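*Asks:* Sequence and computational prediction follow.
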Amino acid sequence: MIELVGVSKSYGKKAAVRDLSFTVRPGIVTGFLGPNGSGKSTTMRLILGLDAPDAGEVTVNGKRYRDHRAPLHQIGALLEASSIHTGRSAYDHLLAMAQTHGLGRERVEALIELVGLGEVARKRAGTFSLGMRQRLGIASALLADPRIVMLDEPINGLDPEGILWVRNLLKGLAAEGKTVFVSSHLMSEMALTADHLVVIGKGELIADVGVRELIQGASQSAVRVRSPHVARLGEAVAAPDVRVRNIGPDLIEVQGVDAEEIGLAAHVGGIVLYELTPRQASLEDAFMELTGESIEFRAGDGDALATASGVAA
Amino acid sequence: MESIGLPLGVEPVTQRRVIRSEWTKLISLRSTRWAFGATLLLAIGIGVLACIVFETRWPHLSAADRHDFHPLSVSLAGINFAQLSIGVLGVLVITGEYSTGMIRSTLAAVPRRLPMLWGKAAVFGAAALAISLPATFIVFWVGQAILAGEGINIALGHAGVFRALIGAPLFLTAMGLFGLALGAIIRSTAGGIAALAGIVFVLPPIIGLLPTSVANSIDPYLPSNAGGAIWTINPDPGTLAPWAGFGVFCAYVAIAMAIAAVLLVRRDA
């Protein structure tokens, strides 16, 4: 369980995180979603106590992270993939991390096997591809059998096989009852992996919602209709909260009324239908609707970019 | 209470465990081996070379040169250079973590932070002493054996010699820890090395530009001069007594380490 209450953090004059409050619960995968530079990495640094918040409080399983006696057993974290000394081998890196918590070579070897780095474990980490560094970071995160697994953009640089592996790993850890908190800027990936979403933009909380609720609650579920008489059909279903959008020749998308009603209206008006397709909102659609104009999701203005690079540095 | 809940094998973080971890980190880097190798090479190689030069040139040296000659300081000539390589390694031990991002992993494992700094200092200090102590005795014995060819050697039993041979490794160790503290304060390899080189090599000539009366009262207290007193015999007038000088140098190291500790706890990683 990770709890943030009213957490703010600025670097110089740039606010990286503003009045952020949310709770990450055990037993599910919580996705941490936001564009690059929205404050995800900063939030994770605050959780681990690498940076101190200007205001608010962060607790990990009820205490500040630094007050735990075996912190790596509380949170196993993968931070930006570069949190390794490039001159040290994967094996020695893991051994040094393990020894702080009384763990030894057997545990290190088991994790190297688990993440599939057996053949390169004795090579310097500086020679690793991004994907291999991600695997090393995941091994490091899992060393002390953590109650919380917190991964920052773990699928960056992974091949499709690796992505699938991470997805299953996260779901497996959640099924064991662990708290799984994983950040991504890819909504499509979160749709496949996460049960719950914490969404931030420009350092502020935008949503803290279950993935299923988010999709079901989206009004954007629409019906696609193909007909030679789309104009007449549009008039037939017209109502204050119904929206009709032309999306092609003889093709419209109708929101605010379901397929049965459209079919009925067509029948009453004697209008021929070629296609009548209910379309579920994707997570992406639901998300766009949720955030609306409140954030620029393509990491828009110069300010946001400056903050992003500042935070990354 | 909490350790009851820990899974098999996972133990609380202690200073002893952090020291083990820091030891693994130190010996698993190629740069460590290079820098320790360079320290050995400089300390022994330059001392031996200087002894060979003096031994072969001795019959041709002027009275003034012979007067300035001291068999101990010639055989320990390499210490002046070794202090830089070991100081640089001290800087690298900590700045290497910042430049690579390793510091995030380190502080995630040891979020109280100070045990990390003490662990690094203990491990690196022990390694520096373990390297420089034998190096000093080796270069002394080999150097004196060479100088004996002209009968200009000095014996271990001569007053102050043994103290200097113990003092030189202690000085190198303290210099390494000084580098470590500067690196922890500045957190950048280039900046840390520049600060170290500036204090050790650039500060003395700058003080030399001051009026002699002022310079003479500051000079003995400069870190390298104060620290140098421990491994010199028949020093220049005005130099601090051996252990007093070394004490002053250790005080500089302690102050730098204290600043590093305060900043480590206060600053964002």
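*Replies:* Now that the structure is in, tell me what you want to look at.

*Asks:* After whichever strand or helix holds residue B:39, which helix or strand is next?
*Replies:* Assessed by DSSP states H and E, residue B:39 sits inside helix B:30-40. Later in the chain than helix B:30-40, the nearest helix or strand by DSSP H and E is helix B:47-57.

*Asks:* ranges for the strands of the stretch 1-150 of chain A?
*Replies:* A:2-11, A:14-24, A:29-33, A:55-60, A:75-78, A:148-152 (DSSP state E, counting those that start in this stretch).

*Asks:* closest one to residue B:253 among those strands?
*Replies:* Among the strands of the stretch 1-150 of chain A, the nearest to residue B:253 by CB to CB is strand A:2-11 (32.1 Å). The C-beta positions use only the backbone N, C-alpha and C, and glycine is treated the same way.

*Asks:* Sheet-wise, list the partners of that closest one with their directions.
*Replies:* In the sheet, strand A:2-11 lines up against strand A:14-24 (antiparallel), strand A:55-60 (antiparallel) (DSSP bridges).

*Asks:* quick one, it and strand A:148-152 angle?
*Replies:* Here the directions of strand A:2-11 and strand A:148-152 differ by 30 degrees (axes from the mean of the first three to the mean of the last three CA atoms, to 10 degrees).

*Asks:* Next, the buried residues of strand A:2-11.
*Replies:* Across strand A:2-11, burial judged by 16 or more other CB atoms under 10 Å in any protein chain shown covers A:2, A:3, A:4, A:7, A:8, A:9, A:10, A:11.

*Asks:* so who does residue B:29 touch?
*Replies:* Taking CB atoms under 8 Å, 6 or more residues apart in numbering or on different chains, we find residue B:29 in contact with A:85, A:87, A:88, B:96.

*Asks:* Using the three-state scheme, assign the closest residue to chain A within the stretch 1-150 of chain B.
*Replies:* The stretch 1-150 of chain B approaches chain A most closely through residue B:11 (2.9 Å), counting by CB to the nearest CB. Three-state assignment for residue B:11 (DSSP: H, G, I helix; E, B strand; the rest coil): coil.

*Asks:* wait, isn't it in contact with residue A:98?
*Replies:* No - in this structure, residue B:11 is not within contact of residue A:98 by CB atoms under 8 Å, at 10.6 Å.

*Asks:* and these two? which has more neighbours close in?
*Replies:* Shown here are residue B:11 and residue A:98; by other CB atoms under 10 Å in any protein chain shown, residue A:98 has more neighbours (27 against 16).

*Asks:* and the more buried one, what is it in contact with?
*Replies:* Taking CB under 8 Å, 6+ apart, we find residue A:98 in contact with A:104, A:107, A:108, A:143, A:144.

*Asks:* what about 7 Å?
*Replies:* Neighbour list for residue A:98: A:104, A:107, A:108, A:143 [criterion: CB atoms under 7 Å, 6 or more residues apart in numbering or on different chains].

*Asks:* Pipe the strands paired with strand A:2-11 into JSON lines and attach mean neighbour count, mean pLDDT and distance to residue B:171 per row.
*Replies:* Formatted as JSON lines, the strands paired with strand A:2-11 follow (neighbours: other CB atoms under 10 Å in any protein chain shown; pLDDT from 0 to 100; distance: least, CB to CB, whole Å):
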{"stretch": "strand A:14-24", "mean neighbour count": "20", "mean pLDDT": "96", "distance to residue B:171": "45"}
{"stretch": "strand A:55-60", "mean neighbour count": "17", "mean pLDDT": "97", "distance to residue B:171": "45"}
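
*Asks:* Mind checking these for the one nearest to residue A:171?
*Replies:* The closest of these to residue A:171 is strand A:14-24. By CB to CB, the value is 15.8 Å.

*Asks:* re the thing from before, so which of the strands paired with strand A:2-11 is nearest residue B:155?
*Replies:* For residue B:155, the closest of the strands paired with strand A:2-11 is strand A:55-60, at 63.6 Å, according to CB to CB.

*Asks:* Point out the residues in the stretch 51-200 of chain B that sit beside chain A.
*Replies:* Taking CB under 7 Å from any CB of the partner chain as the contact definition, the stretch 51-200 of chain B meets chain A at B:96-97, B:100-102, B:104-105, B:107-112.

*Asks:* Dump these to CSV, plus secondary structure, distance to residue A:188 and pLDDT.
*Replies:* Below are these laid out as CSV (DSSP: H, G, I helix; E, B strand; the rest coil; distance: CB to CB, whole Å; pLDDT from 0 to 100):
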residue, secondary structure, distance to residue A:188, pLDDT
B:96, helix, 38, 96
B:97, helix, 36, 96
B:100, helix, 32, 94
B:101, coil, 28, 94
B:102, helix, 32, 96
B:104, helix, 28, 96
B:105, helix, 29, 96
B:107, helix, 33, 97
B:108, helix, 29, 97
B:109, helix, 33, 97
B:110, coil, 37, 98
B:111, coil, 34, 97
B:112, coil, 40, 97
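
*Asks:* Nearest to residue A:133, out of those residues: which one, please.
*Replies:* residue B:101 (10.4 Å).

*Asks:* Now for the closest one: which residues touch it?
*Replies:* By CB under 7 Å, 6+ apart, residue B:101 lies in contact with A:80, A:82, A:83, A:84.

*Asks:* if we go to 10 Å?
*Replies:* A:79, A:80, A:81, A:82, A:83, A:84, A:85, A:86 (CB atoms under 10 Å, 6 or more residues apart in numbering or on different chains).

*Asks:* same check, this time on residue B:150
*Replies:* Residues near residue B:150 by CB under 10 Å, 6+ apart: B:54, B:55, B:56, B:57, B:58, B:59, B:71.

*Asks:* again with residue B:178
*Replies:* Contacts of residue B:178 by CB under 10 Å, 6+ apart are B:83, B:86-87, B:90-91, B:195-196, B:199-200, B:223-224, B:227, B:249-250, B:252-254, B:256-257.

*Asks:* can you rerun that using 6 Å?
*Replies:* residue B:253 (CB atoms under 6 Å, 6 or more residues apart in numbering or on different chains).

*Asks:* Quickly note the distance from it to chain A.
*Replies:* 23 Å (CB to the nearest CB, to the nearest Å).
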